[in-house]
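Visitor: following is a predicted model, sequence given first.
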Amino acid sequence: MAILSTAGLSRTFQTKQGPVEAVRSIDLTVQPGEILGFLGPNGAGKTTTLRMLTTLLAPTSGAATVAGHDLLTDPEGVRTRTGYVAQSGGTDPNVSVREELVTQGRLYRLKRPAAVARAAELARDLGLDDLLDRPTRALSGGQRRRLDIALGLTHRPELLFLDEPTTGLDPASRADLWDLVRQLRTEHGTTVFLTTHYLDEADALADRIVVVDDGRIVADDTPTALKLRHAGSADASLQDTFLAITGRGPAPEHRIPVAT
Amino acid sequence: MLLHDTSIIFGRYVRQTLRSKFQILFGILMPLLYLVFFGPLLTDLPLGSEGTSWQILVPGLLLQLGLFGASFAGFAVIIEKNTGVVERMRVTPVSRLALLLGRVLRDALLFVFQAVLLVLAALVMGLRAPLGGVLIGFAFVAVLSLSLASLSYALAMSVRTPQEFGPVINSVTMPAMLLSGLMLPMALAPNWLDLLSHFIPFRYLVDAVRAGYVGDYASSRMLYGVLMALALAALSVTVGTRRFRKAGA
Ligand SMILES: Nc1ncnc2c1ncn2[C@@H]1O[C@H](COP(=O)(O)OP(=O)(O)OP(=O)(O)O)[C@@H](O)[C@H]1O
Ligand SMILES: [Mg+2]
């Protein structure tokens, strides 16, 4: 059974300049254990989709089943079994790393000793050991990003939504995160739904890639199949494939070689 | 579950308050100034009701403390929305009611603490009132703070910037203060003003605390005050919780 399926999921924002159709009728199915790369240009509707799937934002129309629970009638069930790392994080600058980690465990209903133990484990896994007593405002951007990720992993969710998790990470931390994501899948069967603008990241991690543009799904396949279809060769870069799909670049046969 | 969740949220925000000791004391500055520089003006005036002028002024100052303090509680939530803390909490299974209650109970505690300091200062200035009435006064401060803080958080969840938030709060708190007889009892007012003030829920709370301060416990003033306070609290907490549940945009 699919761990995530949506039918006609849509969201329109009312703004002073008129309605903005951020997400237009998304139909999507994700299998347990899949690592899904959710790509699309700025403003395509990725974050809006994630906020709907994590119960933060009510869809204007459509339905979804997330981790076995109906999104609209059982949001609480969805929350206990999914994790979310928001694009812009979610830590209080004045609260220490330790307190954030322990509080997060408590919010997921761990008893205090269990929350303390889990905080130590997460700090080790994400390289935050030496930073535990610092207020989060005193972390570097990448360190704070690792804390955001640790917070999202606290309750070992079956389905993890990561919104641009590696933005601001140095190459070593990024490679560590890739390993962590793969490890979550092999050891715990975690399904990972991740957005990124780094196409090498999607290529390296994702089993399947969904491209959205202007609120609609415009491609949905394995990286290899997408390259074959849109860039003419399985050896093409995902970058060229992405540009061809979203119409942001010239068609592959007319492309002028660019020095890199 | 509700109790568990509320205590976690409450603990987080109590620690937040303790980190800013400045804020704890700053809140009583305005009522304290009224007490010291305005109170003495009233001592020989015929205020048209029983008790000394202190028994009329201090209840007003206590509720003023709650009114101005708790109405601005929402500022903190606007900041927390921008840092993403609100969504990070809303994505966990934590009770939506607890997200509100944990915060407003912290506010109630803070303003009752400030109220105690204010009453101690008033005792030095010459206030004499029955203990029961003083305790009732603190209970009203707690319920009022809880209600106004809930509404303030609800508003904060609906606006984007502090610039939209401040003017709304000011345009509610200033008339509420003037029309409820917070500084001087409405018994002194001309009929039209007295009538108008009966449409301000706040007025019933002030009257009830003043009744308490003269030991008049079994009075209709007390009854109306208690009923109004409870109704206000129930309504505000419902509105506030709904905002933490829905909170889109
Ligand atoms: N709260 C909001 N109110 C009004 N419009 C919004 C709101 N949130 C998002 N939008 C609009 O919805 C569209 C989709 O935004 P969204 O944040 O989902 O894009 P995204 O794919 O995550 O982009 P990025 O790659 O830049 O993060 C954009 O046009 C955006 O301006
Ligand atoms: Mg986004």
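Guide: That came in fine, so what should we check first? Numbering: from 1, shown residues only, chains lettered A, B, ... in the order given. Ligands and ions are numbered 1, 2, ... in the order given.

Visitor: hey, let's count contacts and neighbours off CA atoms from now on
Guide: Will do.

Visitor: any weak-confidence spans in the stretch 101-250 of chain A?
Guide: By pLDDT under 70, the low-scoring segments of the stretch 101-250 of chain A are A:249-250.

Visitor: and the helices in the chain?
Guide: In the absence of a named chain, this looks at chain A. Along chain A, counting by DSSP state H, helices occupy A:46-53, A:75-81, A:97-107, A:112-125, A:141-153, A:171-188, A:199-205, A:223-231, A:238-246.

Visitor: let's do chain B instead
Guide: So, for chain B - with DSSP H - the helices run B:2-19, B:21-26, B:29-37, B:39-42, B:53-71, B:75-83, B:85-90, B:96-125, B:131-158, B:162-179, B:191-197, B:201-213, B:220-246.

Visitor: if you count neighbours, what's buried in the last one?
Guide: By neighbour count on 16 or more other C-alpha atoms under 10 Å in any protein chain shown, the buried set for helix B:220-246 is B:221-222, B:224-226, B:228-230, B:232-233, B:236-241, B:243-245.

Visitor: likewise for the shortest one?
Guide: Burial within helix B:39-42, assessed by neighbour count using 16+ other C-alpha under 10 Å, is assigned to residue B:39.

Visitor: so how far is that helix off the chain centroid?
Guide: Computed by C-alpha atoms, centre = their mean, to the nearest Å, the chain-centroid distance of helix B:39-42 equals 23 Å.

Visitor: for chain A, which residues are neighbours of ligand 1?
Guide: A:13, A:15, A:20, A:22, A:41-48 (C-alpha under 6 Å from any ligand atom).

Visitor: flag the least confident of the residues you listed.
Guide: Within the set of the residues of chain A next to ligand 1, pLDDT is lowest for residue A:15 (90).

Visitor: partners of that one in the sheet?
Guide: Beta-bridge pairing for residue A:15 (DSSP bridges): residue A:18.

Visitor: now the residue of chain B found nearest chain A: closest residue in space, sequence neighbours ignored.
Guide: Nearest residue of chain B to chain A: residue B:84, at 4.0 Å (C-alpha to the nearest C-alpha). Among residues not flanking residue B:84 along the chain, residue A:90 sits closest, at 4.0 Å (C-alpha to C-alpha, 6 or more residues apart in numbering or on different chains).

Visitor: got it, and residue A:64?
Guide: In this structure, residue A:64 finds its nearest non-sequential neighbour in residue A:6, 4.1 Å apart by C-alpha to C-alpha, 6+ apart.

Visitor: wait, the one you found sits on residue A:67?
Guide: No. Applying C-alpha atoms under 8 Å as the test, residue A:6 and residue A:67 come out as separate, 11.6 Å apart.

Visitor: which one's more surrounded, the two?
Guide: Ranked by neighbour count (other C-alpha atoms under 10 Å in any protein chain shown), residue A:6 and residue A:67 place residue A:67 first, with 23 against 19.

Visitor: can I get the helices of chain A in JSON lines including mean neighbour count and distance to residue B:172?
Guide: JSON lines is the format used below for the helices of chain A (neighbours: other C-alpha atoms under 10 Å in any protein chain shown; distance: least, C-alpha to C-alpha, whole Å):
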{"stretch": "helix A:46-53", "mean neighbour count": "22", "distance to residue B:172": "34"}
{"stretch": "helix A:75-81", "mean neighbour count": "20", "distance to residue B:172": "35"}
{"stretch": "helix A:97-107", "mean neighbour count": "24", "distance to residue B:172": "35"}
{"stretch": "helix A:112-125", "mean neighbour count": "17", "distance to residue B:172": "42"}
{"stretch": "helix A:141-153", "mean neighbour count": "23", "distance to residue B:172": "38"}
{"stretch": "helix A:171-188", "mean neighbour count": "15", "distance to residue B:172": "50"}
{"stretch": "helix A:199-205", "mean neighbour count": "17", "distance to residue B:172": "52"}
{"stretch": "helix A:223-231", "mean neighbour count": "19", "distance to residue B:172": "58"}
{"stretch": "helix A:238-246", "mean neighbour count": "20", "distance to residue B:172": "50"}
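
Visitor: please name whichever of those is nearest to residue B:116.
Guide: helix A:97-107 (30.6 Å; C-alpha to C-alpha).

Visitor: can you put the helices of chain B in TSV and add mean pLDDT and distance to residue A:117?
Guide: Formatted as TSV, these follow (pLDDT from 0 to 100; distance: least, C-alpha to C-alpha, whole Å):
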stretch	mean pLDDT	distance to residue A:117
helix B:2-19	94	17
helix B:21-26	80	31
helix B:29-37	83	43
helix B:39-42	80	56
helix B:53-71	90	37
helix B:75-83	92	26
helix B:85-90	95	20
helix B:96-125	93	24
helix B:131-158	95	33
helix B:162-179	88	39
helix B:191-197	87	57
helix B:201-213	93	48
helix B:220-246	93	30
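
Visitor: looking at those, which is closest to residue A:211?
Guide: Once the helices of chain B are compared by C-alpha to C-alpha, helix B:85-90 is nearest, at 25.4 Å.

Visitor: and that closest one with ligand 1, contact?
Guide: No. Taking C-alpha under 6 Å from any ligand atom as the criterion, helix B:85-90 and ligand 1 are apart, separated by no less than 12.7 Å.

Visitor: report all helices and strands that that helix contacts.
Guide: helix B:75-83 (3 or more C-alpha pairs under 8 Å, 6 or more residues apart in numbering or on different chains; DSSP states H and E).

Visitor: related to what we said a few turns ago, isn't the residue nearest to residue B:84 right up against residue A:147?
Guide: No. If you go by C-alpha under 8 Å, residue A:90 and residue A:147 don't touch, sitting 9.4 Å apart.

Visitor: the stretch 1-150 of chain A against chain B: which residues are in contact?
Guide: A:13, A:54-58, A:76-77, A:79-80, A:83-84, A:86, A:88-92, A:103, A:106-108 (C-alpha under 8 Å from any C-alpha of the partner chain).

Visitor: switch to 7 Å and redo it
Guide: For the stretch 1-150 of chain A, the contact set with chain B under C-alpha under 7 Å from any C-alpha of the partner chain comprises A:54-58, A:76, A:79-80, A:88-92, A:107-108.

Visitor: for residue A:154, which non-adjacent residue is closest in space?
Guide: Residue A:154 sits nearest to residue A:105 (C-alpha to C-alpha, 6+ apart), 6.1 Å away.

Visitor: tell me who's in contact with the one you found.
Guide: A:115, A:154-155 (C-alpha atoms under 7 Å, 6 or more residues apart in numbering or on different chains).

Visitor: state the distance from it to ligand 1.
Guide: Remark: distance between residue A:105 and ligand 1 (C-alpha to the nearest ligand atom, to the nearest Å) = 27 Å.

Visitor: name the nearest residue to residue 55, sequence neighbours excluded.
Guide: The chain I'm using is chain A. Closest to residue A:55 by C-alpha to C-alpha, 6+ apart is residue A:75, at 6.0 Å.

Visitor: that's the wrong chain, I wanted chain B
Guide: residue B:213 is the one closest to residue B:55 (C-alpha to C-alpha, 6+ apart), at 5.8 Å.
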